[in-house]
Each structure stands twice: as C-alpha cells, then as structure tokens.
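Participant: Predicted structure and sequence below. I'll ask about it afterward.
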2 protein chains.
Amino acid sequence: MDIEQFRRAGHEAIDRICEYYYTLQDRPVTARVEPGYLRRALPSEAPQSGENFDLITQDYEKYIMPGLTLWHHPSFFAYFPTGSTFEAVLGDLYSGSVPNPGFNWSASPASTELETVVMDWAAKMLGLDSSFHNCSKLLCQTTASESALVAVVAARSRYTKQHPDVSSEKLLIYITTQTHSLGKKAGLVLGLNVRALEVTVEDNFALRGDTLRRALEDDCACWATPICSELHISVGTVGTTSSGAVDCLGEIGLVLEDYPFIWLHYRDVCALGDINKYGDSFCTNFHKWGLVNVDCSGFWVRARASLIDALDVTPEFLRTRHGDAGTVIDYRNWHFGLCRKFRSLKLWFVLRSFGVEGFQRYIRETVKLGNMFASLIRESAEFALVTPPSLALTVFRLEPYFPSSVPPAKLNELNREFYARVSARSDIAFTQTDLSGTFCVRMAVGAIRTSEDHIKRAFEILCLEGRAALEEWRCATGGIE
Amino acid sequence: MDIEQFRRAGHEAIDRICEYYYTLQDRPVTARVEPGYLRRALPSEAPQSGENFDLITQDYEKYIMPGLTLWHHPSFFAYFPTGSTFEAVLGDLYSGSVPNPGFNWSASPASTELETVVMDWAAKMLGLDSSFHNCSKLLCQTTASESALVAVVAARSRYTKQHPDVSSEKLLIYITTQTHSLGKKAGLVLGLNVRALEVTVEDNFALRGDTLRRALEDDCACWATPICSELHISVGTVGTTSSGAVDCLGEIGLVLEDYPFIWLHYRDVCALGDINKYGDSFCTNFHKWGLVNVDCSGFWVRARASLIDALDVTPEFLRTRHGDAGTVIDYRNWHFGLCRKFRSLKLWFVLRSFGVEGFQRYIRETVKLGNMFASLIRESAEFALVTPPSLALTVFRLEPYFPSSVPPAKLNELNREFYARVSARSDIAFTQTDLSGTFCVRMAVGAIRTSEDHIKRAFEILCLEGRAALEEWRCATGGIE
C-alpha cells in the first residue's frame, strides 16, 4: 500500500468509524454468533498473492463486526467499562504511525519522557502523594495483572535480598476471596503460595484488619520461622470485581506497621489517605474507568530501586551513553518485556482534551447513573440489593415478596432463570456473580454514551424479564408459597 | 470530542501521517534532544479545563516528533527492525474503534476466533507442522519476553506436576551467553536459576550439542538428584541479537532425546525441520521482521494443556455458557493478563494485503540488501567481518592493514572511536556490540523503504568516518605501526 492508497483507506476508515458511532445505539450489544462461525467463514490459509484493501475492509464489516461484543454500547452493563474515546483512538493512530519499541531512552526519547510526564499528571490528578511521583516511579503497563506481577517480583526481590536464607517455598501472597483473578494468577505464574483470606457478607466482603492479623499470627507460628520470615505480599483492593467491596485499608495499614517487610499493593481508585500512608505500590487501569482505550494500566511504586534491582538486564548492545550516565530512565528494566509501546501518547491526548474537570465529570456522571439504578432497585417490590452499591456498580437479585420463606437454593434457582432470560437478549448486557453462595446479577455503568434513558430502559427490561421468570418458575415449581 | 470533530481530527491525522512519510527520508534518523527536554517543555500538571484538539496535535508536532528515533527510516540500521506498515496501522485503527478486553470468547467472539485463524495462517506460512496448528495452540502475545515467560511457566508446571517433590530451587533454565535478554529476565521474574552456557567464536557463537550435554551431565551429578530431576528449560535461538548466531538445533534436539523432561523453546525463524522435530514451543515477533506494528509476538506451543493447566483462573463472574461447555477458547488462561488486545486484526490485514508472496518478497529483499552490505565490507581494505553475516545482520569492525600486529585492546580503542563518530551523526544509525571481548558494530537491514542506494550511502559514511577515526587515533597514539 503506497502513501496515497493509505490516505484513501485511512479517510475511509475514519468515515466508517463515524458511521459506526452514529448507529451504535441501534446495534446489538452482544454478538449473535456461534462458536466457530469465523473459522467456517474464512479460508484456512493466507492468500498467496496480496488482496485489494477494499475487499479486506468489506470482509471486516461482513465477518468481524457481527462477532463483536460492544463494550462501549450505552446499554452495556456487564463488566466494568473498557475505556473508549476518540482522543485515545487518535493517540494510538499517531503513535502507531511512528512505531518504536521504547526499551530505552534512546529508542525514542519522546516516548520515555512523555510517560514520566503524564504519569506524574495522573498521580497528581488522582491525589497520590509526592513520594509516588517526581518523574521517576510510575509507568504505563499493559494490564493490571502485569502491574501486580511486577509489584510481587519487586517485593520478592526486596525481601530475599534482606533475607537470603529463606526458601522461596515459604513466600506467601495474601489476597481475599474477592480479589481480582490477578492475585491467584500472580501465584501461578511466579510459583508462590497464595492465601485467600475469607471475607464475610457482614463486612460487605471487605478485608478487615483483624482477619489479616490472625492470618499473619497463624502463618508465623505454624511455619515456625522465628521472625516471621516468609514474604507476605498483601494485595488490597478498592472496589472488587464481584461486588465492588472496599477493603479496610486503614485497618490493614495499622496491622502491617507490625510487619514492615510486607509489601502492600493496591488496586483502583479511592481510600487515598490510606494508600498514601501505607501503600508500597498502587495500580489503576486507565483503560477501564479512565477514558483511555486498551491497553493502559497506571502503576506507581514508592521505591523505584526495588523494581529496577529486581528486573535489570543490560547486555552490551543495549548500553547507551545516557543510560550509562544514569541521566535517563530505561523502561525495559521496569517491566517484563524488552519492547514497550508508546502508550502515554493517548493518555496525554485524553488528559488534555478532557482536562481534570472533564475527567471528573465523566466519573461523577457514571456514579450518578449507578446510584439512580440502585435507587430503582431499592424502591422496587421485585428486586433487592445484595450488597450496598459501590461506586458505579450495583449487585442485585430478584427477590419478590413471598408470604412464606423460600429456601436459599430455590431463590438461586429463580435468579438463574431470570439471568438466563436477561442474558439471552442482545439489546442489553449484564453479568452474573456469586457472593458466598448467593447467585446475583451485576450492573456496572461506565460507557461514555450511557444516559438516564438507558438506565430507565434497563430497569424496564429487568422488570419485564423478572416477571416472566417468576411466572415460569412458579409454573415449574407449582408455586412455592 | 463529538463524532464530527473526530471525523475532522481523524482525516487530519491521516493527512499528517501521509505528509510525514513523504518527508521521512529527509528527517534525522535519531533524535537530537537532551535528557529532560520534554519535562522542561511541558506543564507539570494536567490542565484543569479541556483543551482544543488542534492545539494538542500542534504540540505533538512541536514537542513529540523531534524526540522520536525513526526506526522505520530507510537509514536506520541500529537494531532488528520494528514492523511498520500502513495495513497494520489501519488494523490498529479499526480495532481501537471497537475496544474490548478479549479475556474470554464472549467478550468478543470475533477477536478470539480471528486470532486462532490468522495464527494458523501464520504457522502454515512459516512451515510449522500440524502439531503446532489446528486452531488451538497459538496466540499473539505482546512481546517475545512474555512468550518466553509463558513457555517457562508452562514448562515448570508440566515438570512440577510430574515431580511434586522437587524443590523449586533446583529448577534451572539453560540459555547461552548470546541469548536475548529475555532468558535472564525470565529467571529474574520467576525466581529460577539460569545457566548461561559458553559459546565460542570458533562455533560462530552458536550452541553445540556437546556443550549442552556436558552441562546436563555436570548439573545432574553435582546437584545429586538421581534422575536428574531439576527442571531444565532450554531456550534455543535462531539468530541471536548480538551477532545473528544460529544454535545447532539438530545437535541440541538429539541431546535432549536423553532428557525428555526438558522443554525446548525456540525463538525466531529458520531451522524449520529441527523446530518441528524437537521444539515444545516456538516464538517469532511479527512486530519485528514481520511487517506488523508493535505489539504482535507469535507464540506456538505443541501441548496446549501444559499452558492452560499452568494459568487457568476462572472466578464465577468470568464463567460463560460456552466456556463451561469447552467449545471455545478463553484466551485469559493462555497468558499473564486478563485483558487482551485485538491484535490479530492487524496481522490479518497484513497477511491478506501482502499475501504470502509479498511477505516473502520483503524478507528476501532485506536479506539481499544485507548481503550486499556484507559484500562491501568483505571487499573493503579498511573493514572486516567479525562473524559470518546472518540473515540481514552484519557484524563488522574497522580493521585496516597494519604492517605490524596491533594488540586487541588497541583495536578496540580504534573501533570505539570509530563508533563514537558514527553514532554522533543523526542521518544514520548503527549499534555497538561486544563478542567475547571484541568491540564491533552491528548493521541490521529491515526497514521497508531501505533500497540499494541507502546501503551504498551507509557504506560511504562508514568509510568516511572510518578514515577520520583512524587518522585521529594515529595522531593520539603516535602511530602504533
């Protein structure tokens, strides 16, 4: 493809994207395709000769578009949002036009330097204190899972340097049963033990200080290491995936004052005072609730040296004058890969185009819409909240008035039927979850185009399907009441 | 930014990119900026109110562009290329317009299914045998480092399941002193021992079977584990970064027949018969020599189960009907993150637009240009090859005729001076390396716009700077001869 062909195909792509966004609302939210649809439709080998690009983009419309789940559709409420703004798309377009692997400063000074600048901007916007910024302790990762892995590797390195005689089999990561899958995955990947602490419905599934203290005392006693010399890395969560639970970070911080070798890693926004007081590292995904397209995960670490000590590899052909002089950051030693995308450009575009006010307005609007939905649930006769709403997430279930009590298993059955009906629709999307044996439905607001009307419509659909499910269930069970 | 503002900004972005490529040849290859240039130029906080997008793109031209190293410039010879085609840019533009995190099939069926289809296409194009394809054993990763990490995690999981009593401290990864930094990094990240086997100039820095066998016998004997029950994971390289050395894969494969628990992971293209015969996994970066923009690393594994066993985490809210039925691939269990970009779209665009023939033509053209450069070096009186050229990489140094012999340290000094002169230029880029104490210069061809004229010009520049360096060195040392 030559430059003029690119101009034509590029303008056409932009126009197709505009057309797509004009019609977004009328498209199905979830894909109506069956497993294997694409393999059956496409040839089994790459073409021998090159094909015309018009044909390729026609096939994109014909085969790819119908197989997409539209995460940025205003009626997508299934998961926490995936960031999607035109500014970020343009950021990726510009950075893609000047690709570079960014493994050290010289590989492209602008991409390293912009990353330090905008991650400082973001730290200040979020209210992280100055020991997390100052141009040297922050980076854009691909995903929160990678950020968590990097944090654990840095924590392990810090601990084993201080305690060289402790076997790696004694190292332990603390999470809760509600922590994001990244906690368990870090254990699998790094071959470390993971202990998932129990959290209860009474505490709204948040980790309490006492639970952590008991676990620490148990583990130290039973592993018989006199100074409690396992490595514990604690992952605190502000807003769990399942129910939006916020761990009691203040309590956790106090407990950990007695265990200073423990690295405390936080995820997501909130509880700022405690993060600034106790956190060793902090991560939040701009590619979720932060208006930036995937991938862009913000990761801040207080002690830069722990990270670099853990990950520095510098063969001769990667040495540079500036790197040797220590006057620049070589980001290859801050993450797992060597190659590193120029992700900060889209974050820069978004923060400038929205401004801090625009960013706040978006977050507040989604929380307001979430609260509006939670109120509709709270006031309804058919539905009940399972936990208090958290930020823009509501966890609820069908729980109409019954003259006599209904066994929990029966209520779960009703709700599974209800959820099956809802998830069979293509005009709206929710997700299921399970909280200590209670089957429930999650509703997360976050798409930038979601309005009050979409929330009202969502509630109407839930009422409709709820009544239908109830009726069907009554017929099937012969009426439990 | 509304849809019409996006249309305008999008068309403008496309036009700017066209303008940029028309003038690419006249731009400096390397950035002429000093560390900290961007921090000094940009505000220290994000703006409170949103800014006009025209201003933002003007600042992109003003501050970012001058800080870029142009990896796709026709006179960039410093590192293996970074993929850069208009087709891939458009692929990213389309996929960015419909962002989804792709962690399971339902998150967007098209992105999962297209990944299996095009990775099969790529496997067939590269000639990997059928136990590496069939729609189920391949994926697009972010980087080769991540692919290597995943391979090691799968290997560790396979080994420890078979040998549950072996301590992780006995596990060992074999690489060579010339293996890419990903080998050492895998050890750092996963906390495993790494043994870098020595390779010699006589073997052109390739790993021989005998070297591996001796190491295996030593380690088994001295660690006193009767059935050699450490985990050895061997990383074989076809084309090292430093000198393009190709490990003797046939010999290695024969040795490993006696050690069947060892997982053999390959990087890069070539030695196809041996990879198909002995390899457990294989990785090559399409975002390097494969015409696709970063990031797009192809990773194939023969035993899919080893991978999934090692990485499966499925909380309730990620369960789906299709996932439970096992009729679909949920890629979150194939890599470290949860979130996964729709990378296969750009690979699809590139393979279709170029066709297998176009892909081959590009690779052959760069090898031909590399050979042309190597011939110029070979025939010159001033320069000498340090190792035989490998694919499109030539490693050489200044080595003019001297009437009497010059000590190696003195020759290194001359070549450092020579390289300092070359790397001070902004119209061309090379890199240094060190092969067993010999300082030398690397020249890699790969940019899609490089022509014979650029090679001739590169050689002229080297001659010019070589003569100048020699003169300066003679003045400084008072003439060694």
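Facilitator: Arrived safely.

Participant: Up against chain B, what does the stretch 151-300 of chain A have?
Facilitator: Contacts of the stretch 151-300 of chain A with chain B, taken as C-beta under 8 Å from any C-beta of the partner chain, map to A:153, A:156-157, A:160, A:167-169, A:180-182, A:184-185, A:188-191, A:241-242, A:285, A:287, A:293-295. In this view, the C-beta of every residue, glycine as well, is placed from N, C-alpha and C.

Participant: Next step: the residues you listed restricted to helices.
Facilitator: A:153, A:156-157, A:160, A:182, A:184-185, A:188-190, A:287 (DSSP state H).

Participant: The helix or strand containing residue A:370 - contacts with which helices or strands?
Facilitator: In this structure, residue A:370 sits in helix A:344-379 according to DSSP states H and E. Where contact means 3 or more C-beta pairs under 8 Å, 6 or more residues apart in numbering or on different chains; DSSP states H and E, helix A:344-379 is packed against helix A:86-97, helix A:109-126, helix A:286-289, strand A:383-385, strand A:393-398, strand A:438-444, helix A:452-477, helix B:53-59.

Participant: Spell out which residues make up each domain of chain A.
Facilitator: The record's domain parsing of chain A by automatic domain parsing lists A:3-68, A:100-341, A:351-477.

Participant: which of those domains is buried the deepest?
Facilitator: Ranked by mean neighbour count under mean count of other C-beta atoms under 10 Å in any protein chain shown, the domains of chain A are led by domain A:100-341, which reaches a mean of 21.

Participant: Between the two ends of it, what distance do you get?
Facilitator: End-to-end span of domain A:100-341 (C-alpha to C-alpha, to the nearest Å): 7 Å.

Participant: Show residues contacting stretch A:21-37.
Facilitator: Outside stretch A:21-37, the residues that touch it by C-beta atoms under 8 Å, 6 or more residues apart in numbering or on different chains are A:66-70, A:72-76, A:425-429, A:449, B:3, B:6, B:105-106, B:108-110, B:113, B:322, B:327-328.

Participant: Could you rerun that using 7 Å?
Facilitator: Outside stretch A:21-37, the residues that touch it by C-beta atoms under 7 Å, 6 or more residues apart in numbering or on different chains are A:66-70, A:73-76, A:426-429, B:3, B:105, B:108-110, B:113, B:322, B:327-328.

Participant: before we move on, what about stretch A:83-91?
Facilitator: Contacts to stretch A:83-91, defined as C-beta under 7 Å, 6+ apart, come from residues A:72, A:286-288, A:290-294, A:345-346, A:349-350, A:353, A:448, B:1, B:6, B:9-10, B:13, B:96-97, B:99.

Participant: what's the answer for stretch A:402-418, then?
Facilitator: Here stretch A:402-418 makes contact (C-beta under 7 Å, 6+ apart) with A:397-399, A:437, A:439-440, A:465-466, A:469-470, A:472-473, A:480-481.

Participant: now, which of the residues you listed sits nearest chain B?
Facilitator: Nearest to chain B out of the contacts of stretch A:402-418 is residue A:439 (C-beta to the nearest C-beta; 8.7 Å).

Participant: What confidence value was assigned to that closest one?
Facilitator: Reading off the confidence values, residue A:439 has pLDDT 95.

Participant: List the contacts of it.
Facilitator: Residue A:439 is in contact with A:412, A:415-416, A:432, counting by C-beta under 7 Å, 6+ apart.

Participant: Which residue comes closest to the residue of the stretch 201-350 of chain A found nearest chain B once chain neighbours are left out?
Facilitator: As assessed by C-beta to the nearest C-beta, chain B sits closest to residue A:337 within the stretch 201-350 of chain A, at 3.6 Å. Sequence neighbours aside, residue B:143 is the residue nearest to residue A:337 in space, at 3.6 Å (criterion: C-beta to C-beta, 6 or more residues apart in numbering or on different chains).

Participant: for the one you found, what are its contacts?
Facilitator: Contact analysis of residue B:143 by C-beta under 7 Å, 6+ apart lists A:337-339, B:295, B:297.

Participant: go again using 10 Å as the cut-off
Facilitator: When the contact criterion is C-beta atoms under 10 Å, 6 or more residues apart in numbering or on different chains, the partners of residue B:143 are A:101, A:103, A:142, A:335-341, B:149, B:182, B:283, B:285, B:287, B:294-297, B:299.

Participant: just residue A:211 next, same as before
Facilitator: By C-beta under 10 Å, 6+ apart, the residues touching residue A:211 are A:174, A:176, A:197-200, A:203, A:247-248, A:251-252, A:255.

Participant: What distance do you get for it to residue A:381?
Facilitator: 36 Å (C-beta to C-beta, to the nearest Å).

Participant: my read: residue A:296 touches residue A:288, true?
Facilitator: Yes: counting by C-beta atoms under 10 Å, residue A:296 does reach residue A:288; the two are 9.3 Å apart.

Participant: Now residue A:298: phi and psi?
Facilitator: The phi/psi pair for residue A:298 (degrees, to the nearest 10) reads phi -80, psi 130.

Participant: quick one: it and residue A:292 touch, right?
Facilitator: Yes: using C-beta under 10 Å, residue A:298 makes contact with residue A:292 at a distance of 9.3 Å.

Participant: which residues are common contacts for these two?
Facilitator: Counting by C-beta under 10 Å, 6+ apart, the residues touching both residue A:298 and residue A:292 are A:122, A:140, A:285-286, A:347.

Participant: could you point out where the stretch 351-481 of chain A is predicted with low confidence?
Facilitator: The model of the stretch 351-481 of chain A has pLDDT under 70 over residues A:478-481.

Participant: change it to 90
Facilitator: Scanning the stretch 351-481 of chain A for pLDDT under 90 picks out A:387-392, A:401-408, A:433-437, A:473-481.

Participant: wait, what's in contact with the closest residue to residue A:120 other than its chain neighbours?
Facilitator: The shortest distance from residue A:120 to any non-neighbouring residue, by C-beta to C-beta, 6+ apart, is to residue A:133 (4.7 Å). Residues near residue A:133 by C-beta under 10 Å, 6+ apart: A:116, A:119-124, A:300, B:44.

Participant: before we move on, the earlier item: need the helices and strands packed on helix A:344-379 in JSON lines (columns: distance to residue B:23).
Facilitator: Below are these laid out as JSON lines (distance: least, C-beta to C-beta, whole Å):
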{"stretch": "helix A:86-97", "distance to residue B:23": "13"}
{"stretch": "helix A:109-126", "distance to residue B:23": "18"}
{"stretch": "helix A:286-289", "distance to residue B:23": "33"}
{"stretch": "strand A:383-385", "distance to residue B:23": "60"}
{"stretch": "strand A:393-398", "distance to residue B:23": "49"}
{"stretch": "strand A:438-444", "distance to residue B:23": "46"}
{"stretch": "helix A:452-477", "distance to residue B:23": "46"}
{"stretch": "helix B:53-59", "distance to residue B:23": "17"}
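
Participant: closest one to residue B:272 among these?
Facilitator: helix A:86-97 (31.1 Å; C-beta to C-beta).

Participant: Quick one: distance of stretch A:196-210 to the chain centre.
Facilitator: 21 Å (C-alpha atoms, centre = their mean, to the nearest Å).

Participant: hang on, I meant stretch A:24-38
Facilitator: Using C-alpha atoms, centre = their mean, the offset of stretch A:24-38 from its chain centre is 23 Å.

Participant: can you tell me which two in the ones in helices among the residues of the stretch 151-300 of chain A next to chain B are farthest apart?
Facilitator: Maximum pairwise distance among those (C-beta to C-beta): 32.1 Å, between A:160 and A:287.

Participant: okay if I get the ones in helices among the residues of the stretch 151-300 of chain A next to chain B as a markdown table plus pLDDT?
Facilitator: Output for those, formatted as a markdown table (pLDDT from 0 to 100):
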| residue | pLDDT |
| --- | --- |
| A:153 | 80 |
| A:156 | 80 |
| A:157 | 79 |
| A:160 | 79 |
| A:182 | 72 |
| A:184 | 78 |
| A:185 | 77 |
| A:188 | 80 |
| A:189 | 80 |
| A:190 | 81 |
| A:287 | 88 |
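
Participant: Nearest to residue A:38 among those?
Facilitator: Ranked by distance to residue A:38 (C-beta to C-beta), those are led by residue A:287 at 24.8 Å.
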